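*Asks:* Have a look at this fold, sequence not included:
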């Protein structure tokens, strides 16, 4: 009789942050028990290249997953976790859009090379997923939370520059996360602070907001928008709306990669952290993202998110 194979412990369908520049004993124990699908870094976790590289290695070791993805938000401009003197400070995405208006070819090449340089810096420390590019298309009167983080104000330009960005990442060995699907550009509120409500029709959304995501639907990762689109679902924001995930993100847009929620600790969402995680997973998100490193919140998210299995695991 053949010896029975030991079953590999399941992964939690969650990505977590940590509190500081090195893991505490309690964090190591939690990650060893929960085995999150990945990790995300913020400015509070970053001091020097050597320190970040050691932290990344420790995160993977703590979970027992040698190739667990480690994420970061390194867009450039005001959203840059890596800053001088140890790293470049990339320009905001809008710089490439302004150049695109004058010289599309030069803009695409500059955008690709900028992304390639970012990827080089990240991969040197073991960080292999970057939550960029932003594919949101800003509209008149929208909140500045997107602003110069957007590549351009025309869907075709956002799509073209976004593709160049993703190509640069791929050349450098880093996976992009297109965000914030299906589009945050019309929001008149900051979803970190409250739930934005968008009243545009399906036709309006399809013509502008959805278009860049549809053009880049073959990318490996996407992050949802904590936005209520009343024409699509009057009750739930995209992150927790099964109708939006199935009909718009998986259906109309055609995205088939790993779908991750935006940060569950943002104030756009309501309810307990266990409920937020459960609802985003029930809606069709593969992974629940929690960023602030709060241990009680992380424990609740892990409970609500459950195990990474089925199609979510394959993605």
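*Replies:* Here it is on my side, so go on. Predicted, not measured: the structure shown is a model, and the values here were computed from it.
*Asks:* Low-confidence stretches in this protein?
*Replies:* Low-confidence segments of the chain (pLDDT under 70): 1-8, 314.
*Asks:* for it, what spans make up the strands?
*Replies:* Ranges of strands in the chain, per DSSP state E, are 12-16, 36-41, 70-72, 74-76, 79-80, 129-130, 175-181, 197-198, 221-224, 228-229, 258-263, 287-290.
*Asks:* what angle separates the first one from strand 258-263?
*Replies:* Interaxial angle of strand 12-16 relative to strand 258-263 (axes from the mean of the first three to the mean of the last three CA atoms, to 10 degrees): 50 degrees.
*Asks:* Quick one: residues in contact with strand 12-16.
*Replies:* With CB atoms under 8 Å, 6 or more residues apart in numbering as the test, strand 12-16 has contacts from 31, 34-40, 69, 71, 260, 277, 281, 286-291, 293, 298, 301-302, 305-309, 312. Yep, even glycine has a C-beta here, placed from its N, CA and C like the rest.
*Asks:* Tell me the buried residues in it?
*Replies:* Residues of strand 12-16 classed as buried by neighbour count (16 or more other CB atoms under 10 Å): 12, 13, 14, 15, 16.
*Asks:* ok, which pair from those residues is furthest apart?
*Replies:* 13 and 16 (11.4 Å; CB to CB).
*Asks:* if we can go back for a sec, closest one to residue 105 out of the buried residues of strand 12-16, please.
*Replies:* Taking CB to CB as the measure, residue 105 lies nearest residue 15 of those, at 36.5 Å.
*Asks:* Kindly state the beta-bridge partners for that closest one.
*Replies:* Following DSSP bridges, residue 15 is listed with bridge partners residue 38, residue 289.
*Asks:* got the contact list for the residue nearest to residue 294 when sequence neighbours are not counted?
*Replies:* Leaving aside its sequence neighbours, residue 294 sits nearest to residue 265 (CB to CB, 6 or more residues apart in numbering; 7.5 Å). Applying CB under 8 Å, 6+ apart to residue 265 gives the contacts 273, 290, 291, 292, 294, 297.
*Asks:* what residues are up against the residue nearest to the last one when sequence neighbours are not counted?
*Replies:* If the residues on either side of it in the chain are set aside, residue 297 comes closest to residue 273, at 4.7 Å by CB to CB, 6+ apart. In this structure, residue 273 makes contact with 264, 265, 290, 297, 300, 301, 304, judged by CB under 8 Å, 6+ apart.
*Asks:* what's the farthest-apart pair in those residues?
*Replies:* Maximum pairwise distance among those (CB to CB): 13.0 Å, between 265 and 304.
*Asks:* returning to what we had before: tabulate the strands of the chain (a markdown table), appending distance to residue 169.
*Replies:* Listed next are the strands of the chain as a markdown table, based on distance: least, CB to CB, whole Å:
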| stretch | distance to residue 169 |
| --- | --- |
| strand 12-16 | 18 |
| strand 36-41 | 16 |
| strand 70-72 | 12 |
| strand 74-76 | 10 |
| strand 79-80 | 15 |
| strand 129-130 | 6 |
| strand 175-181 | 5 |
| strand 197-198 | 29 |
| strand 221-224 | 11 |
| strand 228-229 | 28 |
| strand 258-263 | 15 |
| strand 287-290 | 19 |
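*Asks:* Tell me which of the ones you listed approaches residue 27 most closely.
*Replies:* Across the strands of the chain, residue 27 has its closest neighbour in strand 12-16 (9.0 Å, CB to CB).
*Asks:* Dihedrals phi and psi, residue 18?
*Replies:* Main-chain dihedrals, residue 18, degrees, to the nearest 10: phi -130, psi 170.
*Asks:* and it, how many neighbours?
*Replies:* Using other CB atoms under 10 Å, residue 18 is surrounded by 27 other residues.
*Asks:* now it: how far from residue 46?
*Replies:* Separation of residue 18 from residue 46 (CB to CB, to the nearest Å) stands at 11 Å.
*Asks:* Give the burial count for residue 33, as a bare number.
*Replies:* As a burial measure, residue 33 scores 13 neighbours (other CB under 10 Å).
*Asks:* An error on my part: the question was meant for residue 140.
*Replies:* 6.
*Asks:* Residue 51 too?
*Replies:* Close neighbours of residue 51, defined as other CB under 10 Å, add up to 15.
*Asks:* Residue 29 too?
*Replies:* Neighbours of residue 29 (other CB under 10 Å): 12.
*Asks:* what's the answer for residue 258, then?
*Replies:* With other CB under 10 Å as criterion, residue 258 counts 24.
*Asks:* show me what contacts the residue lying closest to it once chain neighbours are set aside?
*Replies:* Distances taken as CB to CB, 6+ apart place residue 315 nearest to residue 258, at 4.4 Å, with adjacent residues excluded. By CB under 8 Å, 6+ apart, the residues touching residue 315 are 256, 257, 258, 259, 286.
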